[in-house]
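K.L.:
could you work out the structure for the sequence below:
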Amino acid sequence: MLTRNHRQEVMARAYVQAIAGRCGLTGSLRDFDYGIDVTLHDIRRRGHRHMESGFKLDIQAKSTTTRNLTVTDVVYDLDVKNYDDLRDPQVGCPRILVLLVLPEDEARWIEQTEDHLLLRNAAYWLSLKGQGPTRNQKSVRVSLPRVHLFSVQALESLMERVRRGEPL
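P.N.:
Just a heads-up that it's a prediction; the model follows:
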């Protein structure tokens, strides 16, 4: 059986892929962990054919069962190595952190009936590009604005910004 942490990671990836699928994007999961978990690829139509446009978004997907919520933010302790990967200004593809907040009780993570498959709680996104280095050795506390809900509308907006070459 997978560890609890790996089960949480699977949930985070599934959340990202479900939102991406609803947006009409494809997702590539990584075989090896070099700081990115999923790359989302923009699809466009050319004539009668659909094809990748070349625009993409890299995602580091994390999850937590610790509900560090304030009125405005979700607070999360991100490993320094992930922080450094996400803040790197010298990357060719935009990248963001997506944090899924799950219930503490694993039995409540998913509910399934014939009518629906429900993955509880929500995910939030954050761009750390250009943030300064840290002196911390283990983790960096980051605040993800709760208005940055990782939703269909948010991902469509993010991909539009990627297409225009705008910072996230």
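K.L.:
what does stretch 7-26 contact?
P.N.:
Outside of stretch 7-26, the residues within contact range by Cβ atoms under 8 Å, 6 or more residues apart in numbering are 2, 27, 29, 37-38, 40-43, 52, 59, 61-65, 98-100, 102, 106, 109-110, 119, 123, 150-152, 155-156, 159. Every residue, glycine included, has its C-beta placed from N, CA and C.
K.L.:
same thing but 6 Å
P.N.:
Counting contacts by Cβ atoms under 6 Å, 6 or more residues apart in numbering, the residues outside stretch 7-26 that touch it are 27, 38, 40-41, 43, 59, 61, 63, 98, 100, 119, 123, 152, 155-156.
K.L.:
what do you get for stretch 42-62?
P.N.:
12-13, 16, 24, 36-41, 82, 86, 93-99, 159, 162-163.
K.L.:
among those, which lie within strands?
P.N.:
Counting by DSSP state E, the part of those found in strands is 38-41, 95-99.
K.L.:
pick out the most distant pair among those residues.
P.N.:
In these, two members sit farther apart than any others by Cβ to Cβ. They are His41 and Leu99, at 21.8 Å.
K.L.:
so the two - more neighbours on which side?
P.N.:
Shown here are His41 and Leu99; by other Cβ atoms under 10 Å, Leu99 has more neighbours (23 against 17).
K.L.:
specify the beta-bridge partners of the more buried one.
P.N.:
Taking DSSP bridges, one finds Lys62, Tyr124 as the beta-bridge partners of Leu99.
K.L.:
surely it meets Tyr124?
P.N.:
Yes: shown here, Leu99 and Tyr124 form a contact pair, counting by Cβ atoms under 6 Å, at 5.4 Å.
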